[in-house]
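>>> Need coordinates for the following:
(one chain, ligands or ions: 1)
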Amino acid sequence: MIRSNNGMFGSFGGRYAPEILTPALIELERLFFSLRDDPDFWREYQTLAQQFSGRPTPLTPCERLSREIGGAQIWLKREDLNHSGAHKVNNVLGQGLLVRRMGKRRVIAETGAGQHGLATAIMAARLGLECRIYMGEDDIERQYGNVFWMRRLGAEVIPVATGARTLKEAMDEALRDWAASFEDTHYVLGTACGPAPFPELVAYFQSIIGKELQQQALSQIGRNPDSVVACVGGGSNALGAFAPFIERHDVELVGVEAGGRSREEGQHSIRLQEGTGEDGIAQGFKTLFLQDADGQLGHTHSVAAGLDYVGVSPILADLTQRGRLTPDSATDEEALAAFETLLRYEGIIPALESSHALAGGFRRAAQMSPQQHMVINLSGRGDKDIFNVARAFPHPDWSAFLQRELARQPDFTTQTTQGESATDVA
Ligand SMILES: *Cc1c(COP(=O)(O)O)cnc(C)c1O
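Numbers count the residues shown, from 1 in each chain. Next up is the predicted model:
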């Protein structure tokens, strides 16, 4: 169980939100603290996840792949098989149950790549809540598929035209909305970041991944795995998979960040490794942020939109500082190679985010013995990445439709984050 010390994880975390939002955050925290040890609440959550999202997701042994890599036995925790195709729906369903308990009738969220917005719109439709999603205008262009479905699901998608017109501006607008509406509205945060209690709360709902994984490992392997590997954007799928093993020091925990094109400033999204992220306070919490020489939030890049974030969960920053988490990274190119390997050897189409965990995992597994077992958390499926993958593997036989789409689609991989000072209180 992941517990903060008054909202702090070592020297990270906290609640640096505008004062007007304090009552809403405290209301949420009180409710969460009163429910998190209640087995009936966990059962209610599990039942919803089971009946609506197909849980438990399987733990799949990868025999052909393990033989090819030539080291540890590789297993995949199949979060790609969730309804909506990724782990994000776990957290969103859990927050939906809290919204019901608080008697609120409306949810808002911000989204960059659109996956969290889509999951939120799905939850709102299922639970009968009004839903508004804030999204940068440029992201709306890039993610027209997700935007289409969010609107068909009944959500209102609000284009944000200020600044760089991406995730950060959308987050500012969502917070402005919440400050005026928290009496009847909940802000659904998508990852284990932001002001307390969000990091702890999101990690709690995602721990359903690790709880299942541990039970499945005990019955299918006969013991805990030797190593658990996950990709790290904000950190929620990693924390979910790691949760039951954090105190088990015989289980190695590996978090794989986006190495992007290179180690140059602005070309990657590595925050946990030596000489990358630095302490800062922004977006309501303290963590390791990528910053430029003036302490402004830096630019980031990854071929995987979900890993392209300038900060990281304060829980992972603390675990790294304490030496419990081993940070690793995979470049765009390595992730694409691992993506291809999984398709060819196991018939599974991974998300580009998850392909980073695969790349880091394969590299380590090759150094391990066949008696050892590694679980890689497959956070999502890759259907959404069709254009980026097609761009990476050009082929003269792509259909005219795909050629046209590729020419028309802005290159998603150029997304950057910028602006706000990391030392300002958000
Ligand atoms: C959003 C996303 C991620 C990154 O988010 P975390 O909070 O770090 O888990 C990883 N994989 C997929 C498939 C995603 O959609």
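>>> Tell me the helices and strands packed up against the one helix or strand residue 206 maps to.
Using DSSP states H and E, residue 206 sits in helix 198-220. Other elements packing on helix 198-220 under the criterion 3 or more Cβ pairs under 8 Å, 6 or more residues apart in numbering; DSSP states H and E are helix 22-35, helix 39-53, strand 59-61, strand 73-78, helix 88-102, helix 236-242, helix 314-321, strand 373-378. C-beta here means a position set from N, CA and C on the backbone, and glycine is covered the same way.
>>> So what's the residue count around the closest residue to residue 239 other than its chain neighbours?
Across the structure, with Cβ to Cβ, 6 or more residues apart in numbering as the measure, the residue nearest residue 239 apart from its sequence neighbours is residue 203 (4.3 Å). Summarising burial for residue 203: neighbours were counted as other Cβ atoms under 10 Å, giving 28.
>>> hang on, the earlier thing: deepest of the helices and strands packed on helix 198-220, which one?
Per residue and on average, the most neighbours among these fall to helix 236-242, with a mean of 31 (mean count of other Cβ atoms under 10 Å).
>>> average pLDDT for that one?
This predicted structure assigns helix 236-242 an average pLDDT of 98.
>>> what does stretch 314-333 give?
Averaged across stretch 314-333, the pLDDT comes to 98.
>>> got it, and stretch 220-230?
Looking at stretch 220-230 alone, the average pLDDT works out to 98.
>>> Alpha carbons only: can I get it in PDB?
Backbone C-alpha positions of stretch 220-230 (Å, rounded to 0.1, in the frame of the first residue of the first chain) are rendered in PDB as follows:
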ATOM      1  CA  GLN A 220       1.300 -19.400 -12.700                       C
ATOM      2  CA  ILE A 221       5.000 -19.000 -11.700                       C
ATOM      3  CA  GLY A 222       4.700 -20.300  -8.200                       C
ATOM      4  CA  ARG A 223       6.400 -17.200  -6.700                       C
ATOM      5  CA  ASN A 224       6.900 -13.500  -7.100                       C
ATOM      6  CA  PRO A 225       8.600 -12.400 -10.300                       C
ATOM      7  CA  ASP A 226      12.300 -11.400 -10.100                       C
ATOM      8  CA  SER A 227      11.700  -8.200 -12.000                       C
ATOM      9  CA  VAL A 228       8.700  -5.900 -12.800                       C
ATOM     10  CA  VAL A 229       9.200  -3.500 -15.700                       C
ATOM     11  CA  ALA A 230       6.900  -0.600 -16.700                       C
END
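>>> Tell me how many other residues surround the residue of the chain found nearest the ligand.
Taking Cβ to the nearest ligand atom as the measure, the chain has residue 380 as its residue closest to the ligand, at 2.4 Å. The tally of other residues near residue 380 (other Cβ under 10 Å) stands at 29.
>>> What's opposite it in the beta bridge?
Under the criterion DSSP bridges, residue 380 forms beta bridges with residue 86.
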